[in-house]
Structure formats: structure tokens, C-alpha cells
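Peer 1: got a structure for you, letters missing:
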């Protein structure tokens, strides 16, 4: 195995020093990278009314009114613990009878709140009561509430869609989110496409977009949404603001919206024509969106089949979205997969190409175009820079292979047709390595084990990479059979350094316990390779992009098997497993130097 040159290591050390120095200067002037303070502390009320951005006078008036209400009722400290903090510059106000939104209790508000500064955590609806002397204040936690009203038993679908539209609008207004996932299949019947889990994806489109798209049926009027407003009435109350009414199209219907007017009501635009035909339904749009919000508390927090509270799962999902490395190493999400697939991960982590493969790489180096640094060097886990190690596993249950195929021939078919199992929106393609006078096409197209040592160029938008077919084996032991091949990452003159370092295995096997059931899988142990990708881990979880690719491959393998005579495949109850602990915490375990029990003792678990 060829190590990176001393010159390159020196360059990376100097580069790291420069980046750290710039990061220190930057953090001293602008960026606070410390974990956010938990919202419910003694000073929560003070934080609640802080404005991070300048706000309009009418918004400041709203804040002043709510401050006075809080002094009287202490409502802030009674809010749900996971409600978050307000995004005051995104507040929605509605007062249809006057252009002058003065400081009084006849103005109604809907306030978005966030925990992560990247997604909506809840909304607060503020309405004046009949006397006008007090405010009715209700908080609805986004994920918890939406899950309860959309996934429960005997769901009122019309009401559920009302609520979803309000949350869609506020999420879009606060964070410009345009796509929403995991919508139950019984809602928005105009959308017929389901994802792999049987749910729907909804996309908000503006009035410049073709009408042949998919989205919930509603209209958005700048700072006001007329919930489920099909024909859009010009009397839609807009608080006296000039506006453009924007349609959110259903699948294949509707036209573009018109420009709103001024005056006391602010007038909305009229619904346009369309080449797909608009939906039919109520045309009135006089009721404010918050009138559809429930007045009763949410139903009890549901518990899943494993005994976990849904609200806690939702909170953890949101937390990890903004803090990918926020789990303690003892947390079950980190340790459980390592323990369940321990010897498999250890085998992948410890794998090194055999002497034949290394000799072939040496021979390629002598005939292929030379490069000072990236001259066909294998990238090892130990030499990578990433602080996190990715250990993933994507299994697929195969009840029967297509007629005429064996586990061995099916895996070979997958290897030689791998691009057929990658479909949009994934943007990755595998090609035999070819650069200048050197081409490895013939080697890659060789059958089974004779392809061992072939080089592959992978187009990975935006960072290409080269991998080495470093292992290909069949193991038969009585009634069990294992077939598998591995890719090992490497640098090359064509692609330079691969984004990650490590090994990925593809295989198919059965077990003694279930000899007639096959498992097709891919799994890997790898780390981000250089300083640039390592820094990327701070701002986004780059491994999630790879997860999306392998889930796409997994789904397409299932679809292919089921499309062939005699083939039958299905997802396991869990489609993927993953553990992303700190490398320094688990490297001795992955290298086989310590047991899993010793690892837990070291971590204090």
C-alpha cells in the first residue's frame, strides 16, 4: 500500500493550520459554534421576546402586547418544553378592517418558532377573545401535533389537510422550505405518486411554475393563507396590504394567480385558467387560516410498537438534523449497530487488498499517466482526516431469485449492470477506469474473480472518485453460501483523491437459521478523507448523501427482482442500519484489538 507523500502531508498540516487560524478569527467576530442554550431556563421569558433581526413597528407592537400578556398570565413558561423560540421577523398578522395595524388586541397573530434555526418546531396562534380584553394563546408543536392528527385512527382528512396547509405555509415563510415528506397516503388524493415507504411527497410551487406539478390545494396571499381556497375569492382578507396571491397547484390543474389590490381588505387575485383543469370545491375565502386551528389540546402522545414515544422520536430527529454528531458514544443509536453487526464491520474495516491486487496496482502505476501525488495510492482508514467513522448496512430480503439465477450469478449481474440500479434523483455512475492511453475496460468486463484488481471511475456529483475492485469471493459451508465483492477507495491521476477512505462490500448470503432466505446487501466502513470534506461534516452530514444513493440502489434491486419471472424480494422492517461514532473512540474495536464489552467499558457505558 502506498502512503501519501510527506510533501502532501506537510501541505495538509499547513492548510489545516491556516484554516484553524481563519476559523478562530471568524468565530471571534461573527460565528458562535457553541451548542444552543436549552430554551426552558430561568431566563426563557427574556429570550422568548428577543428579536434577532429588525422588525416592523406592527410586529414590535405585537411583541409589546404579548409581553404585557406574559406579565399578567406568565404564559411563556407554560408553553410545551419543545416549542422553541419565536422567529419574530416572520410573524403573520391579520386585521381585515383597517390598514393601520395599531397596538391593540384586535390584531390576530400566528408566530413561527424554532429550536434548530433551520426548521419549524411549533407555531403559536394568538386570537383576541370576544371581549377583546384578553388574548387566547395556543401552541401547537409541529411534528408532534401533525403526527397525531394525520396518523391517528379515524383521521378527519379534510381537517388534517387544513392543519397541514397552515404548517406548510409557515415552514415555507420562515425557512423557504418547498418540499415536505412522509405525508400519509390518505391525504391530498390529487397526488397519486407514493415513495418507497408508501407515503407522499408534497412540493410547493409558485405562480411562475408549470401547472403540471404536485402540491396541496391551497392559495398563499403573501402574509396570509386562505386554507383550502379553491376558486379564490377577491374578498380574502389581507390586512390591507398589497399582495400577489400565489397558487399552490394540485397535480395537473390550476393556472396562475393575479396581483392583489389595496384598500381595507387588500383584495386577492383571481384564479387563472390552466391546461389541466382546476379542482372544484368551496370558493369562499373569508375565514382566516387560524380559524381552522383546533382549540383543544392534542390527543395523547402515541407510542410505537417498540414502546417509544413518537414525540421523543420526532424531537431526536430534529436534533440530529442540526447536530449530526450530538449523540454520546454510549447512546444506543451509536452502539447498537456496532454490537449487532460487530464481526461484519470489523471484517470490512480490517480488510486489505491481497498481494495480487497490490502488484497489479504497482504495474498500472508504471504504464498509466503519472502524477506527483495522486498516483494510484490506496486510501486507508488510518490515514483519513475525518473524526467520524461511518459504519452502514443496507439489507434486502430476497425470498426467491429470478428464474435461472443463482446467488453467485445474480451478484455478478449486479456488478456488471450496477448503473441500471441507480435512478434519478441520484446522480452517480460507475465506469471502467480510462485515462489517456490506459483503459481498464477489459479487466472490469472480465467475469467473476478474473475481474479482481480492476479500477473503476465513479462520477459522483460534485466530487468524482476512483475505486479498486479489491476482493471477490465465494464461500460455501454446507447449506450456507456467501458471495461478495469489495471496492477500496484510492487516489488516481484522473479523479485525484476519493472523498472517503475505506472499503464497501456488496454481497448476497443465507444463514443456517434461514437457509431458503437470501439477504442482498451493501455495507461499508469509511471516513471522510481530506480536510475539505472533513470541514464539510461541520455543516452537513455528507454520509447522508451516500445513504440516499444506497437506498436508491436497494429499492431498484428489489424492483428488478420482482419484475423478473420467479423473483420475489421485499424490504426488511428496517431498511438500513448505521453507526457514526468518533473514530478515536472505536478504532481499537474495529481493528479487532478489543472486544465489544471492552469497548463499552472504555466508553463508560
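Peer 2: On my side now, so go ahead. All figures in this text were calculated on a predicted structure; none of them were measured in a lab.
Peer 1: residue 409 and residue 453, how far apart?
Peer 2: Between residue 409 and residue 453 the distance is 21 Å, computed by C-beta to C-beta, to the nearest Å. Quick note: C-beta positions are derived from backbone N, CA and C, even for glycine.
Peer 1: at which residues are the strands of the stretch 101-250 of the chain located?
Peer 2: 108-114, 122-128, 135-141, 179-183, 200-203, 218-221, 224-226, 245-248 (DSSP state E, counting those that start in this stretch).
Peer 1: the ones you listed: which one's closest to residue 546?
Peer 2: strand 179-183 (18.8 Å; C-beta to C-beta).
Peer 1: give the buried residues for the closest one.
Peer 2: 180, 183 (16 or more other C-beta atoms under 10 Å).
Peer 1: do the same with stretch 110-130
Peer 2: For stretch 110-130, by 16+ other C-beta under 10 Å, it's 110-116, 119-128.
Peer 1: circling back to that earlier point, turn the strands of the stretch 101-250 of the chain into TSV, including distance to residue 480.
Peer 2: Output for these, formatted as TSV (distance: least, C-beta to C-beta, whole Å):
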stretch	distance to residue 480
strand 108-114	51
strand 122-128	52
strand 135-141	49
strand 179-183	37
strand 200-203	40
strand 218-221	56
strand 224-226	59
strand 245-248	54
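Peer 1: residue 530 is nearest to which of those?
Peer 2: That would be strand 179-183 among the strands of the stretch 101-250 of the chain, by C-beta to C-beta, at 31.2 Å.
Peer 1: what about the closest one, average pLDDT?
Peer 2: Averaged across strand 179-183, pLDDT comes to 78.
Peer 1: ok, it: who's next to it in the sheet?
Peer 2: strand 200-203 (antiparallel) (DSSP bridges).
Peer 1: mind jotting down where the strands sit in the stretch 301-450 of the chain?
Peer 2: 389-400, 428-432, 434-435, 438-439.
Peer 1: how does the chain divide up, domain by domain?
Peer 2: 94-106+132-322, 332-603 (automatic domain parsing).
Peer 1: going by mean pLDDT, which of those comes out lowest?
Peer 2: Taking the mean pLDDT of the domains of the chain, domain 94-106+132-322 comes last: a mean of 53.
Peer 1: how near is residue 54 to residue 163?
Peer 2: 31 Å.
Peer 1: more neighbours, these two?
Peer 2: Set residue 54 next to residue 163 and count neighbours by other C-beta atoms under 10 Å: residue 163 wins out with 20 against 9.
Peer 1: gap between the more buried one and residue 150?
Peer 2: 8 Å.
Peer 1: over to residue 503?
Peer 2: Taken as C-beta to C-beta, the span from residue 503 to residue 150 is 42 Å.
Peer 1: looking at these two, which is more packed in?
Peer 2: The neighbour count for residue 503 versus residue 150, taken as other C-beta under 10 Å, is higher for residue 503 (25 against 20).
Peer 1: who are the neighbours in contact with that one?
Peer 2: By C-beta atoms under 8 Å, 6 or more residues apart in numbering, the residues touching residue 503 are 348, 349, 351, 470, 486, 487, 488, 489, 524, 525, 526.
Peer 1: in what helix or strand does it lie?
Peer 2: strand 500-509 (DSSP states H and E).
Peer 1: work out the sheet partners of the helix or strand just after that strand and label each with its direction, please.
Peer 2: Next in sequence after strand 500-509, counting helices and strands by DSSP H and E, comes strand 518-528. Strand 518-528 has the following sheet partners, assigned by DSSP bridges: strand 389-400 (antiparallel), strand 500-509 (antiparallel).
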